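J.: Predicted structure and sequence below. I'll ask about it afterward.
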Amino acid sequence: MTVSIRIQAEAFDVAAETAALTEGRADIGAVVAFTGLCRDEGGRLTALELEHYPGMAEAEIAHIAAQAQDRWPLLGLTIIHRFGKVLPGDPIVLVLAASSHRRAAFEAADFLMDYLKTRAPFWKREHLKDGTAGEWVEAKDLDDEAAQRWL
Amino acid sequence: MTVSIRIQAEAFDVAAETAALTEGRADIGAVVAFTGLCRDEGGRLTALELEHYPGMAEAEIAHIAAQAQDRWPLLGLTIIHRFGKVLPGDPIVLVLAASSHRRAAFEAADFLMDYLKTRAPFWKREHLKDGTAGEWVEAKDLDDEAAQRWL
Amino acid sequence: MKLVYFAWVRERVGRTDEDVELPDGIETVADLVRWLKSRGEEYEYAFENEAVVRAAIDHVHAKPEAAIAGAREIAFFPPMTGG
Amino acid sequence: MKLVYFAWVRERVGRTDEDVELPDGIETVADLVRWLKSRGEEYEYAFENEAVVRAAIDHVHAKPEAAIAGAREIAFFPPMTGG
């Protein structure tokens, strides 16, 4: 079982990450790739800045990944989360889950995203069109409710 | 809203398809890509052959895609299904669902796969390691049950 | 009326398609299946378990009780296994 | 003991981290927050809504009642908004 977890400032290449997970294998029947992208919120934002807690970010994501592996028969897992400044349209987070069958891949990716949103130590701040630093993004009750589906 | 549906013998490039869906846009916050791959079933298979019903395959997938658009606020949708001979490790089907938020993208991709499996006119036949043509793959009750979750 | 067959239904019938002239009284998909089964053992074999074989009228999934009047192409096939 | 702060908790406290010597009787995360709030208005402001600020002990999420004995690094931050 291949697990790759990375916290990085750089963008990522979904195709290369998928190839790394699946190449040379004939047991993987399903790959779900979730990509989270920076939105401009109707033109209001010029960027998002992501602060993170180095050390804990890696540890917490590894913990979340281990839970996913306990719950679903996964054949591969890749989680990449960026920090620093990202521009509208840029990717922020990637979750790749590979399994023999689609149900496990879908559910694991969905679970991982809900848990990353509510438990991984990252915080987003808005950068506004008028050049000022905007507010810290507020956590959504909806995300907590989504995470509670898995309890 | 960009909808692209293709039935083709050739392989597809997930990265290029994703770029076509997202490039130049800042309103998409989530992309879920499902890739279904040919398994060798523990070394038993050398290939799968996919027969399809030309004309109905396109029509039925367009119908399924329209249902997904009715149910979720999607910003882009790509569905590619291959026919002909595919080798273990090769991609068979791609569903890409883009939305502002992750819940719609996850649910739409999940729904589309359940409906493609049970309603799109494709049939898989096994090619065995000993050189003979194997059995037609049997439909799974599990797939019907999965599709019924959405009723 | 054109009939088309796929996968193991096609193999059992022994052809990919055919044009048929239906006698009077064949009004539904189920009527058509009954009539086909009277035409020979290849059809009897293909439709031996009628509940398993699916049908489509002009590219749209159809139930056994669906009316076939005006149909141009009727297809018979096993449960789908794509995706 | 090292304390670290993130996002608007960091901004309100006015520093990214600090080393503190705790007085006797500070046994839980909640005790630590109460003590910090007694140290000045920047802490009072950061922790004005105690229920909102989250804590982690040595990189693991911790509740207000969690014991802090033996901890090397305690972090305070707002609810996470990554992903």
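T.: Good, I have the coordinates.
J.: Could you list the residues in contact with the top helix by length along chain C?
T.: Ordering each helix of chain C by length in residues (DSSP state H) puts helix C:29-37 first. Residues from elsewhere that reach helix C:29-37, judged by CB atoms under 8 Å, 6 or more residues apart in numbering or on different chains: C:3, C:22-23, C:25-26, C:43-44, C:46-47, C:50, C:53, C:55, C:57, C:62-66, C:68, C:74, C:76. C-beta coordinates here come from the backbone N, C-alpha and C atoms, glycine included.
J.: Do you know the pLDDT at residue A:130?
T.: The predicted structure scores residue A:130 at 87 on the pLDDT scale.
J.: Pretty sure it sits in a helix.
T.: No. Remark: residue A:130 does not belong to a helix; assigned using DSSP: H, G, I helix; E, B strand; the rest coil, it is coil.
J.: so who does it touch?
T.: Contacts for residue A:130 were tallied using CB under 8 Å, 6+ apart; there are none.
J.: do you know how far it is from residue A:38?
T.: 18 Å (CB to CB, to the nearest Å).
J.: And for residue C:33?
T.: Distance of residue C:33 to residue A:38, given as CB to CB: 56 Å.
J.: What's opposite the residue most central in space within chain A in the beta bridge?
T.: Nearest to the mean C-alpha position of chain A, counting by CA atoms, centre = their mean, stands residue A:93 at 3.7 Å. Under the criterion DSSP bridges, residue A:93 forms beta bridges with residue A:36, residue A:81.
J.: so it touches residue A:115, yeah?
T.: No. With contact defined as CB atoms under 8 Å, residue A:93 does not reach residue A:115; the gap is 11.9 Å.
J.: Which residue is most remote from the mean position of chain A?
T.: Among the C-alpha atoms of chain A, the one farthest from their average position, using CA atoms, centre = their mean, is that of residue A:130, at 29.0 Å.
J.: And chain C, by the same measure?
T.: Going by CA atoms, centre = their mean, no residue of chain C lies farther from its centre than residue C:83, which is 23.3 Å away.
J.: Can you give me the distance of the nearest residue to it once chain neighbours are set aside to residue A:46?
T.: Spatially, and ignoring its direct neighbours in sequence, residue C:83 is nearest to residue B:117 (3.7 Å; CB to CB, 6 or more residues apart in numbering or on different chains). Distance of residue B:117 to residue A:46, given as CB to CB: 43 Å.
J.: how about the strands in chain C?
T.: Under the criterion DSSP state E, chain C contains strands at C:2-5, C:17-19, C:54-57, C:60-62, C:73-77.
J.: Among those, which comes closest to chain D?
T.: When the strands of chain C are ranked by proximity to chain D, the top entry is strand C:60-62, at 39.0 Å, counting by CB to the nearest CB.
J.: Next, the contact list for residue A:37, please.
T.: Residue A:37 sits in contact with A:89-92, B:22, B:28-31, where contact means CB under 8 Å, 6+ apart.
J.: Let me know how buried the residue in chain A positioned nearest to chain C is, in neighbour terms.
T.: With distances taken as CB to the nearest CB, chain A approaches chain C most closely at residue A:102, which sits 8.0 Å away. Residue neighbour count, defined by other CB atoms under 10 Å in any protein chain shown, stands at 25 for residue A:102.
J.: Could you give me the buried positions within the longest helix of chain C?
T.: Judged by neighbour count (16 or more other CB atoms under 10 Å in any protein chain shown), helix C:29-37 contains these buried residues: C:29-33, C:36-37.
J.: what is the orientation angle of that helix with strand C:73-77?
T.: Between the direction of helix C:29-37 and that of strand C:73-77, the angle (axes from the mean of the first three to the mean of the last three CA atoms, to 10 degrees) works out to 80 degrees.
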